[in-house]
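J.: My questions are about this predicted structure, shown below with the sequence.
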Number of protein chains: 4
Amino acid sequence: MRLKDEQKIDIFFTSTLSLVGKVGLAGLTMPLIAKQSGVATGTLYIYFKNKDDLILALYKKVKNRFGATIFIGFSPELPVEEGLRVVWENSLRYVVSNFPEQVFLQQFMASPYKREDQAVAFARPVMAPLAQLLERGQREGLLKADEELLVPSLLFGFVQQIAARIHHTPAQLSKAFMDSSFRFLWDAVRA
Amino acid sequence: MRLKDEQKIDIFFTSTLSLVGKVGLAGLTMPLIAKQSGVATGTLYIYFKNKDDLILALYKKVKNRFGATIFIGFSPELPVEEGLRVVWENSLRYVVSNFPEQVFLQQFMASPYKREDQAVAFARPVMAPLAQLLERGQREGLLKADEELLVPSLLFGFVQQIAARIHHTPAQLSKAFMDSSFRFLWDAVRA
Amino acid sequence: MRLKDEQKIDIFFTSTLSLVGKVGLAGLTMPLIAKQSGVATGTLYIYFKNKDDLILALYKKVKNRFGATIFIGFSPELPVEEGLRVVWENSLRYVVSNFPEQVFLQQFMASPYKREDQAVAFARPVMAPLAQLLERGQREGLLKADEELLVPSLLFGFVQQIAARIHHTPAQLSKAFMDSSFRFLWDAVRA
Amino acid sequence: MRLKDEQKIDIFFTSTLSLVGKVGLAGLTMPLIAKQSGVATGTLYIYFKNKDDLILALYKKVKNRFGATIFIGFSPELPVEEGLRVVWENSLRYVVSNFPEQVFLQQFMASPYKREDQAVAFARPVMAPLAQLLERGQREGLLKADEELLVPSLLFGFVQQIAARIHHTPAQLSKAFMDSSFRFLWDAVRA
DNA sequence: GATGAATGAGCGTTCATTCAT
DNA sequence: CATGAATGAACGCTCATTCAT
């Protein structure tokens, strides 16, 4: 018996993201994913109950990977500005070199695939370290008061727009660019 | 085309946006649009060559409408901060009360419908007054230097995130909220 | 606009019965029905919501047609034996020249398509005249008492078996055959 | 093939009949049979060349089992009426407590699985003792002349209908019921 | 212009069957 | 022998699009 090859799932995910980057969620079909992955259509159904299932699983994976990546090198002990800079640069790097992930996340959020219950419940804890950093910054008087989640909105909105821009006219993520963009961010949020 | 027809096209657009808000671009079908609009499927093909055509036309319309709306009450003579505030508040209001438009724009940008040539070429001139305002601000030393379009990225990213947030937990667009969010924006961009 | 052609439904029914006669309910597919009917697959879905719907509609039609046919020339005023003979000969003729209908009815009854509620509820009233005839026969002391529906069981079982037999070795429905088979039936049921 | 295998085949047959009783031949799939039998799908193909083969083998088995069962306690020396009664009561008991077999036989006869050559040729010899009994009865002047196989048609049709009826409203096979039903049968066939 | 019946390609999914383990 | 992952044809069904009315 051939063993169920868990690494095949990674291939499916990679194929799917690449396709979403090209044709969007709207153009995504099971035959396309299978072809891109080099397997028969039926094979997908060995690993996923159905299309919804595949897409939801990918959502969780992507969400987790993003969460894990943006906190690389981050520690709760870091000074607020420094901690935020680490998160910012990680986000920038991640988002720029994983553009299809961004597209997927955005489209997923406004699609029939997102059935509130499962998907949203999953998203929160990933971002907890950031939330705690921001709280601390406010307590220490370093950051503006922010009861409406303006800081995360600004941060993630900013990074997404930059990613889209860079993706269309592939530029470099130079040190200078990271510095100046962080300056915008920091000036916005500091007290 | 007669007046009556133009009205019908508006109905088609309204129906389409409402549907995209519910089922996403992925779930959008011609029968659905027709039904929502109260006409037969075939009728859509009198007004649009095909589905792509309808969606591209809607894209242009929405893009224009957004451009027109955010400059209401704006004038090139306004002081920079005040001009920016007008644009910000208009954007916020528009985006919050036209959420399906936002979803549509985002999904359109990464979909099989966007065929580079036509769509992107169209987008620029709409935003010209903003670009000029920002240039002036920099010349006058009021705004940070910005060669990488960081300011529009921040502005539009910020506003989109806020829209998404508000859409999910329908809140009010209070004066206080507009003030504090503008403070974030202004602190980010000013020199 | 082309008008929905109700006589097309008859073509679908005829095709379906003919196919069931050949391949059984088990081998029945929508593409087969469409091909046999000379239309595209999609057309079937204009007239029926889905395959279940088509099959249930056919069941009702067939059941009704059988009910209508076996009472041709029958009248509640007929003497019992004569009434029963009319029904018997009608049944025999119908069943022999409509063998696919029989196959369809039998297979339908033991298939996932028969969802108790709708199908069975429909069947009863069709047979009412026969039930009344039998009751009368018992009251008049001409027929055996029969509290377990043995008479209909015998009648319909008998006729079905004859139909199957004749279908396999196509024989004639001679007057002599009808007489002698009725003799069996009548001897069985009379007091 | 070893003993162990024969047991496994029995399991497959039992599972298949049980499934046919639930979902009909139309709903019967190899994965279902395997699951119901507690083996992997592939295992079925060790014991049977393919699905057709399995079903044909089951047909032969069932046909044989029915033949064997209805002649339990029967002997060619029995008086005609008594012999017929034995067969009748055996049939009744068998058919009522093995309803899925009946469904299977009926559906098999009008299905793509029945390829004339093999299946029909098989059926005859099983019923030989009954045929002989009937011949004797006619020679002895106890039974009606019957050149068209009306007696078996009546007997098997009757028993099938009763089985279906009882299966739907699970009643008992009381002595009284067996007596009165046999009276119908006997009156029908006796000279 | 407007309709909606008709088309057939293509979707998501399941199935009979094979074969590496 | 037994397994169940893999295959790809074929299913039920929907869709974008056409066209007779």
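T.: Received it, and whenever you're ready, just let me know what you need. Residues are numbered from 1 along each chain as shown, chains lettered A, B, ... in the order given.
J.: if we look at the helix or strand encompassing A:K63, which residues are touching it?
T.: Assigned by DSSP states H and E, A:K63 belongs to helix A:51-70. For helix A:51-70, contacts defined as C-beta atoms under 8 Å, 6 or more residues apart in numbering or on different chains pick out A:9, A:12-13, A:16-17, A:25, A:28, A:30, A:33, A:44, A:47-48, A:87, A:90-91, A:94, A:98, A:101, A:104-105, A:108, A:113-114, A:118-119, A:122-123, A:126-127, A:130. C-betas here are computed from N, CA, C, even on glycine.
J.: List only buried entries from the residues you listed.
T.: The neighbour count (16 or more other C-beta atoms under 10 Å in any protein chain shown) marks A:9, A:12-13, A:16-17, A:25, A:28, A:33, A:44, A:47-48, A:87, A:90-91, A:94, A:98, A:101, A:104-105, A:108, A:113-114, A:119, A:126-127, A:130 as buried among the contacts of helix A:51-70.
J.: Which helix or strand in chain A has the lowest average pLDDT?
T.: Using mean pLDDT, DSSP states H and E, the weakest-scoring helix or strand in chain A turns out to be helix A:116-123, at a mean of 55.
J.: Downstream of that one, the next helix or strand is which one?
T.: helix A:128-139.
J.: quick one: that next one to chain centroid distance?
T.: Here helix A:128-139 is found 20 Å from its chain centre; the criterion is C-alpha atoms, centre = their mean, to the nearest Å.
J.: for stretch A:92-106, same thing?
T.: 6 Å.
J.: what about that stretch and chain B, any contact?
T.: Yes: Stretch A:92-106 comes into contact with chain B (C-beta under 8 Å from any C-beta of the partner chain), by way of A:V103, A:Q106.
J.: ok, A:T41 - how many residues close by?
T.: When neighbours are counted by other C-beta atoms under 10 Å in any protein chain shown, A:T41 registers 13.
J.: mind listing what it touches?
T.: A:T41 neighbours (C-beta under 8 Å, 6+ apart): A:M30, A:P31, A:A34.
J.: Next one: it from C:P31, what distance?
T.: 19 Å (C-beta to C-beta, to the nearest Å).
J.: center of chain A - which residue?
T.: Here the mean C-alpha position of chain A is nearest to the C-alpha of A:F66 (C-alpha atoms, centre = their mean), at a distance of 4.3 Å.
J.: Tell me how far that one lies from DNA strand F.
T.: Using C-beta to the nearest atom of the strand, to the nearest Å, A:F66 is found at 28 Å from DNA strand F.
J.: coming back round to it: go through the helix holding A:K63 and flag the buried ones.
T.: A:L54, A:I55, A:L56, A:A57, A:L58, A:Y59, A:V62, A:K63, A:F66, A:G67, A:I70.
J.: From the contact counts, what lies against the following helix or strand past that helix?
T.: Helices and strands here follow DSSP H and E; after helix A:51-70, the next one along the chain is helix A:80-97. In this structure, helix A:80-97 packs against helix A:51-70, helix A:128-139, helix A:150-168, helix A:175-189, with contacts taken as 3 or more C-beta pairs under 8 Å, 6 or more residues apart in numbering or on different chains; DSSP states H and E.
J.: For helix A:80-97, what is the distance to the chain centroid?
T.: Here the centre of helix A:80-97 is set off from its chain's centre by 12 Å, with C-alpha atoms, centre = their mean.
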